[in-house]
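A.B. asks: Dropping a prediction and its sequence here:
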Amino acid sequence: MIYLELFWAFCKIGAVTFGGGYAMISLIQQEVVSRGWCTSAEFADMVAISQMTPGPIALNTATYVGKITAGIPGALTATFGLIFPALCLTSLVIFFLEQVKRSRAAEPFIRGIRSAAVGLIGAAVLFFMENSLVDGELPLYWKSIGKAGSWTDLSILWQGILIFAVIIILKKTINIKPFGAILLSLGLGAALYTFFPL
Amino acid sequence: MDNSSPLWSNRPMKERFRIYGGLFVSFLKISSLTLGGGAVMLPLMEEEFVRRRKWIGEEDMLDVYTLCNTLPGVIALNSSLMIGRLKAGFWGALFSVAGVLIPSVVIITALASAVQLLMGYPLVSRAFLGVRAGVTALLLFVIINLSKKGIRGGRELLIALFAFIALEVFQVNAVLVVLLCALLGGILFSRKKRDRP
């Protein structure tokens, strides 16, 4: 049943991620693309839109996936699945606030997960590079690493590199906000790919 | 909370609903006006509940910060739950969480249908070809900032690399990767400095 699947997929993600939304992107991508709920390209669009709209990015992405998979009930199920484990745990922790604050037992495990977040976001960076800075997927999977031509077949998309560079420069100089950055990339994408089609 | 105030359960109904409504409206406002999630919302919550409404003490707010960094899940939701619970018990928590959830769920649900329709137009799908490059740039800044804060030594770097390679090269299930990294952290970080000679 699709609602149970949606709930379970997002429940798992909500239970294991610490320290905010960006680390969740790689986890959500793997869950939803491998289940065939959306394509990689659709998922990338969703993340972009989630960054432009108010509210936490992981929550927005979950709602979005639920909506396109199973309509409004799906959106509510996915959202509830994502927040359910944290809500339970947080409610529980409030009762034992003092003990939890003094206890240091969980600290090393949480440090491990926080370090993992850097690797998870690294994977998300590669995911967004694919089909935007280079025209295809990076052959990092161990079965394809040694294959002849797997790297040389990739060519660079200069339109994407240009947009990438513009956002980097604006972020460095005027610290452009995500909303402005996404809006600008949408505009630049529409213009560049209209005048210089793939 | 003020210790001299009467027990929460003894307060008149009218006052309780005024507080539930206040929590709901404040969180609705914060959630619908902020782009960027929990890290951006926490300072706004502090402004609203500690300084403007004076419902939450400085120290309680500090607890909220600490716990949100040690609990899994979405930061904005965990913190709204805690603030609501601290101020007005179970129902306070419920109204606060609803306030955070409603704007983002409503906006995204509406947008999802609109975008699916618009994707039929070539200009829109071309625009979305460009957006991936922009997101790559934004994520690069996220990862640089996070590394500056989070990667303080070789052990952190080792775990980050392990997670990255497991995901990209061996395509291990991502939930499993996180659990393995927690275990690795437990092994690598559990020796305390003061235990060393």
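C.D. replies: That came through fine. Residues are numbered from 1 along each chain as shown, chains lettered A, B, ... in the order given.
A.B. asks: is the helix of greatest length in chain A anywhere near chain B?
C.D. replies: In chain A, with assignment by DSSP state H, the single longest helix is helix A:57-95. Yes: residues of helix A:57-95 are located near chain B by Cβ under 8 Å from any Cβ of the partner chain, namely A:57-60, A:63-64, A:67-68, A:72, A:75-76, A:79, A:82-83, A:85-87, A:89-91, A:93-94. Bear in mind the C-beta positions are built from the backbone N, C-alpha and C, glycine included.
A.B. asks: Show me the residue at the heart of chain A, geometrically.
C.D. replies: Nearest residue to the geometric centre of chain A (Cα atoms, centre = their mean): A:I25, 2.1 Å.
A.B. asks: CA atoms only: put the helix or strand hosting that one into CSV for me.
C.D. replies: In this assignment (DSSP states H and E), A:I25 forms part of helix A:24-34. Output of helix A:24-34 as CSV, limited to C-alpha atoms (Å, rounded to 0.1, in the frame of the first residue of the first chain):
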residue,chain,number,x,y,z
MET,A,24,18.5,14.5,4.3
ILE,A,25,18.7,15.2,0.5
SER,A,26,20.8,12.2,-0.3
LEU,A,27,18.7,9.9,1.8
ILE,A,28,15.4,11.1,0.3
GLN,A,29,16.9,10.9,-3.2
GLN,A,30,17.9,7.3,-2.7
GLU,A,31,14.6,6.2,-1.2
VAL,A,32,12.3,7.9,-3.7
VAL,A,33,14.3,7.3,-6.9
SER,A,34,15.0,3.6,-6.1
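A.B. asks: between it and helix A:57-95, what angle do the directions make?
C.D. replies: Here helix A:24-34 points in a direction 120 degrees away from that of helix A:57-95 (axes from the mean of the first three to the mean of the last three Cα atoms, to 10 degrees).
A.B. asks: So which residues make contact with whichever helix or strand comes after helix A:24-34?
C.D. replies: The first helix or strand that comes after helix A:24-34 along the chain, using DSSP H and E, is helix A:40-52. The list of residues contacting helix A:40-52 from outside it, by Cβ atoms under 8 Å, 6 or more residues apart in numbering or on different chains, reads A:25, A:28-29, A:32-33, A:38, A:57, A:60-61, A:64-65, A:68, A:127-128, A:130-132, A:178-179, A:182-183, A:185, B:35-36, B:108, B:111, B:115, B:119, B:128, B:131-132, B:134-135, B:138.
A.B. asks: What are the buried residues along the worst-scoring helix or strand of chain A on mean pLDDT?
C.D. replies: Least confident element among the helices and strands of chain A, by mean pLDDT, DSSP states H and E: helix A:97-102 (a mean of 75). Within helix A:97-102, the residues scored as buried using 16 or more other Cβ atoms under 10 Å in any protein chain shown are A:V100.
A.B. asks: Any part of it near chain B?
C.D. replies: Yes: counting by Cβ under 8 Å from any Cβ, chain B has neighbours in helix A:97-102: A:L97, A:V100, A:K101.
A.B. asks: contacting residues for the closest residue to A:W8 other than its chain neighbours?
C.D. replies: Distances taken as Cβ to Cβ, 6 or more residues apart in numbering or on different chains put A:G81 closest to A:W8, at 6.9 Å, once the chain neighbours are dropped. A:G81 makes contacts with A:L6, A:F7, A:W8, A:A9, A:F10, A:C11, A:G14, A:A62, as judged by Cβ under 8 Å, 6+ apart.
A.B. asks: Identify the residues contacting the last one.
C.D. replies: The one in question is A:A62. So A:A62 contacts A:F10, A:I13, A:I28, A:A78, A:T79, A:G81, A:L82 (Cβ under 8 Å, 6+ apart).
A.B. asks: shaky segments in chain A?
C.D. replies: A:19-20, A:148 (pLDDT under 70).
A.B. asks: Give me the buried subset of the contacts of A:G81.
C.D. replies: Buried by 16+ other Cβ under 10 Å: A:L6, A:F7, A:A9, A:F10, A:C11, A:G14, A:A62, out of the contacts of A:G81.
A.B. asks: okay if I get those residues as JSON lines plus secondary structure?
C.D. replies: Putting those into JSON lines (DSSP: H, G, I helix; E, B strand; the rest coil) gives the following:
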{"residue": "A:L6", "secondary structure": "helix"}
{"residue": "A:F7", "secondary structure": "helix"}
{"residue": "A:A9", "secondary structure": "helix"}
{"residue": "A:F10", "secondary structure": "helix"}
{"residue": "A:C11", "secondary structure": "helix"}
{"residue": "A:G14", "secondary structure": "helix"}
{"residue": "A:A62", "secondary structure": "helix"}
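A.B. asks: quick revisit: just the buried positions in the longest helix of chain A, please.
C.D. replies: Buried residues in helix A:57-95 (16+ other Cβ under 10 Å): A:57-70, A:74-87, A:89-90, A:93-94.
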